[in-house]
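**Q** All I have is the shape, not the residue letters:
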Ligand code: BGC
């Protein structure tokens with residue numbers, strides 16, 4: 001889309017000039033605003049035309065039965081789907097006798113700007129009605145980072161060259177009609193009229209609607225208040241019904257006169273609180289935000305973001321498009337997690353209903369790494385949410401005949417809702433991913449209270465799972481059989497290398513944690529024998545290896561499978577899972593997304609440099625990247641093994657996943673993991689950052705395309721800036737005690753008064769391996785002059 005002539009490349013904003021209704025659904029996703037609790041898609045103020053109307057409250061979902069042609073033991077019975085809650089962003093506008101609608105009349109000018117520094121979405125539009133009456137419409141929208149229940153809009157209409165009679169209807173609408181979903185099974189099932197009316201209220205400029213969901217039993221409330229400014233002819237009235245609350249403003253404007261409506265919307269929901277309880281909750285949130293006022297909300301938003309950018313900004317010289325994309329990515333990841341507060345972070349954030357609003361391992365392995373070093377409070381909250389779902393995870397393990405906890409592959413409220421075992425619960429690695437996120441957070445922040453209260457229990461219960469899921473063979477070697485790794489084109493296989501290595505770390509981390517917290521361990525019923533068994537299993541973990549080829553196997557036997565017929569696969573047959581039966585994918589060498597290559601990043605110590613290069617070269621020609629989670633990981637490892645040009649191409653693919661709608665599904669919401677992966681590719685890839693325990697290491701390399709790359713990380717109570725230029729890197733301590741780190745294996749100490757400069761390492765350049773035919777990341781981007 002950004003290559004689309006409507007979009008410009010600018011460092012701090014995403015600007016759309018003109019309006020192209022063909023890409024309206026995509027634009028609604030990229031212009032979505034959220035704070036992790038409330039999410040508003042970038043729908044036009046008038047509500048129509050629209051691609052997909054979307055207003056979301058993190059955690060608000062409806063249940064639906066999961067139908068199976070053949071029943072089976074342990075199949076989840078109920079699915080969960082995010083629902084479109086009460087829409088508070090609508091302003092219908094009547095210009096003389098005609099509805100303002102961009103499909104009719106003439107659009108003289110239209111511009112939308114998402115300002116990444118202020119967190120505001122601006123829109124300006126000049127429209128001439130079919131009858132020839134011209135108006136200018138300006139709106140500014142925010143979803144507040146500082147007041148998590150609040151979203152607000154300033155909406156202005158100006159008469160242009162003749163006087164005009166206007167009616168503005170500012171609404172709260174529940175049960176909006178949704179368009180029918182497309183054919184992609186991954187897109188959300190649109191649930192019809194999911195909200196049952198419970199109470200409605202309108203008085204002066206205030207509105208409130210309260211609804212419940214039929215099956216999930218949640219109570220949802222939205223309230224709005226308005227401040228209206230206009231000429232003397234301006235009148236305001238209000239009314240409400242089951243599914244609509246409306247403030248109607250009428251006015252008669254002379255040319256140049258402006259009608260302004262400031263609207264503040266408060267949301268609240270609960271599974272337990274009473275009707276008066278939830279009603280009072282939104283009224284209170286509304287009262288506070290009205291007290292802050294529009295200008296105050298805008299000011300708070302700016303200062304929240306100033307603080308974020310001071311901690312998280314990534315600067316690069318040499319590629320303006322990627323500069324913009326990385327900031328866009330950081331902004332959306334922040335939006336997804338900032339105020340989620342003990343709720344899940346969905347794969348699409350709150351920008352669309354794709355994947356039914358579910359959360360996956362994406363959170364722990366892609367999103368939380370970025371947030372750990374830039375906004376760690378959000379990580380604590382996300383992990384506390386996981387912890388709060390331990391009950392369901394324990395039940396699931398028991399149902400499966402396993403010990404400890406089996407966290408769900410996909411969920412909203414904690415229980416498994418993947419209806420497909422091979423690419424669902426069988427992806428047991430999610431448990432080790434959660435454990436590793438907790439360990440990373442604790443070691444980066446030193447939050448010992450969290451470790452004792454939350455992390456130890458997560459580690460113990462997941463270690464128990466691994467110990468019961470795997471077994472020692474008669475040589476004592478430990479195997480984890482019948483599981484699915486990150487690559488969903490291999491399923492229920494033995495000894496997936498990524499899973500085994502992550503499980504090994506999980507078992508060791510659990511054993512270490514119980515040693516540090518003996519009282520907590522005792523309370524969880526862990527004795528010395530149990531933790532010794534974890535260490536034994538970890539030490540004996542099998543790592544499948546093909547000695548003839550000298551490469552590690554993604555899972556036992558993988559390299560013996562027939563190679564997929566790539567030459568016979570047409571470009572329009574990707575993604576493969578929509579065009580070929582799974583049984584055939586499963587028995588061939590074809591990789592949906594980085595799997596062994598991911599293991600080389602997350603468990604890098606298990607491989608020497610030579611094997612990293614050989615493994616990378618082996619898996620590249622098999623990897624088709626039918627998942628948006630792949631390019632960023634391939635970028636990191638391509639950089640590590642010295643293919644910087646390829647690493648850059650993968651960075652570009654990850655960074656532009658949504659701005660260029662690379663997978664043709666940005667309409668369903670942005671790809672939060674890939675956006676977070678943009679940071680990963682820059683910081684872990686070109687920055688070469690690795691953190692494990694107390695060790696922090698950088699092996700920086702600058703790709704040819706860039707003249708400079710600078711980023712900041714918050715770790716061990718310090719704030720460090722790393723700036724990489726053509727031949728040297730500078731480490732600057734911005735805050736905290738002296739910090740010892742490794743630069744390309746050399747130990748250095750950085751103090752507040754003396755930045756340390758080092759030369760970039762030299763690395764040998766080998767030809768990069770090829771991808772499957774037609775699946776190479778595109779180089780087109782390089783043609784754009786910087
Ligand atoms: C990927 C998974 C991912 C999910 C949600 C799938 O296509 O294969 O790894 O968790 O999408 O992003």
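**A** Here it is on my side, so go on. Note that this is a predicted model, so its numbers are computed, not measured.
**Q** make it CA atoms for all contacts and neighbour counts henceforth
**A** Fine.
**Q** wait, residue 389 sits on residue 414?
**A** Yes. Between residue 389 and residue 414 there is a contact under CA atoms under 8 Å: 5.2 Å.
**Q** More neighbours: which of those two?
**A** Legend: neighbour count by other CA atoms under 10 Å for residue 389 and residue 414, higher for residue 414 (24 against 17).
**Q** who are the neighbours in contact with the more buried one?
**A** Contact analysis of residue 414 by CA atoms under 8 Å, 6 or more residues apart in numbering lists 386, 389, 392-393, 407-408.
**Q** quick one: residue 14 and residue 650, what's the gap?
**A** As judged by CA to CA, to the nearest Å, residue 14 and residue 650 stand 22 Å apart.
**Q** Look at those two and report which has more neighbours.
**A** Neighbour count, other CA under 10 Å: between residue 14 and residue 650, residue 650 has more, with 27 against 24.
**Q** mind checking which helix or strand the more buried one is in?
**A** Assigned by DSSP states H and E, residue 650 belongs to helix 644-655.
**Q** Report all helices and strands that the next helix or strand after that helix contacts.
**A** Moving toward the C-terminus from helix 644-655, the next helix or strand (DSSP H and E) is helix 672-680. Packing partners of helix 672-680 (3 or more CA pairs under 8 Å, 6 or more residues apart in numbering; DSSP states H and E): helix 320-337, helix 368-374, helix 631-640, helix 644-655.
**Q** for those helices, which one sits closest to residue 85?
**A** helix 320-337 (17.3 Å; CA to CA).
**Q** Centre of the chain to the closest one, how far?
**A** Relative to the chain's own centre, helix 320-337 is displaced by 11 Å; criterion: CA atoms, centre = their mean, to the nearest Å.
**Q** Could you confirm whether any residue of that helix contacts the ligand?
**A** No. Using CA under 6 Å from any ligand atom, we find that helix 320-337 stays clear of the ligand, coming within 13.8 Å at best.
**Q** Would you mind checking which of the contacts of residue 414 is nearest to residue 243?
**A** Using CA to CA, the contacts of residue 414 come closest to residue 243 at residue 389, 32.8 Å.
**Q** From the ligand, how far out is that closest one?
**A** Computed with CA to the nearest ligand atom, to the nearest Å, the distance linking residue 389 and the ligand is 19 Å.
**Q** cool, residue 562 as well?
**A** As for residue 562, its distance to the ligand is 22 Å (criterion: CA to the nearest ligand atom).
**Q** Does that residue touch residue 589 like I think?
**A** Yes. Here residue 562 reaches residue 589: they are 5.9 Å apart, a contact under CA under 8 Å.
**Q** Just the pLDDT for the residue of the stretch 201-350 of the chain found nearest the ligand.
**A** The nearest approach of the stretch 201-350 of the chain to the ligand comes at residue 347, 5.3 Å away (CA to the nearest ligand atom). Residue 347 is assigned 98 on the pLDDT scale.
**Q** mind listing the strands in the stretch 151-300 of the chain by residue range?
**A** Ranges of strands in the stretch 151-300 of the chain, per DSSP state E, counting those that start in this stretch, are 164-173, 195-203, 206-213, 219-229, 235-240, 244-253, 258-270.
**Q** Let me fix that, I meant to ask about the stretch 451-600 of the chain.
**A** Using DSSP E, counting those that start in this stretch, strands in the stretch 451-600 of the chain cover 471-472, 478-479, 545-546, 551-552, 562-563, 588-589.
**Q** who touches the residue of the stretch 201-350 of the chain closest to the ligand in this structure?
**A** 355, 357-360, 362-363, 671-673.
**Q** what's around residue 417, how many residues?
**A** So residue 417, with other CA under 10 Å, has 24 neighbours.
**Q** In contact with whichever residue of the stretch 601-750 of the chain sits closest to the ligand, which residues are there?
**A** Here the stretch 601-750 of the chain gets closest to the ligand at one residue, residue 627, 4.7 Å apart by CA to the nearest ligand atom. Residues in contact with residue 627 (CA under 8 Å, 6+ apart) are 592-593.
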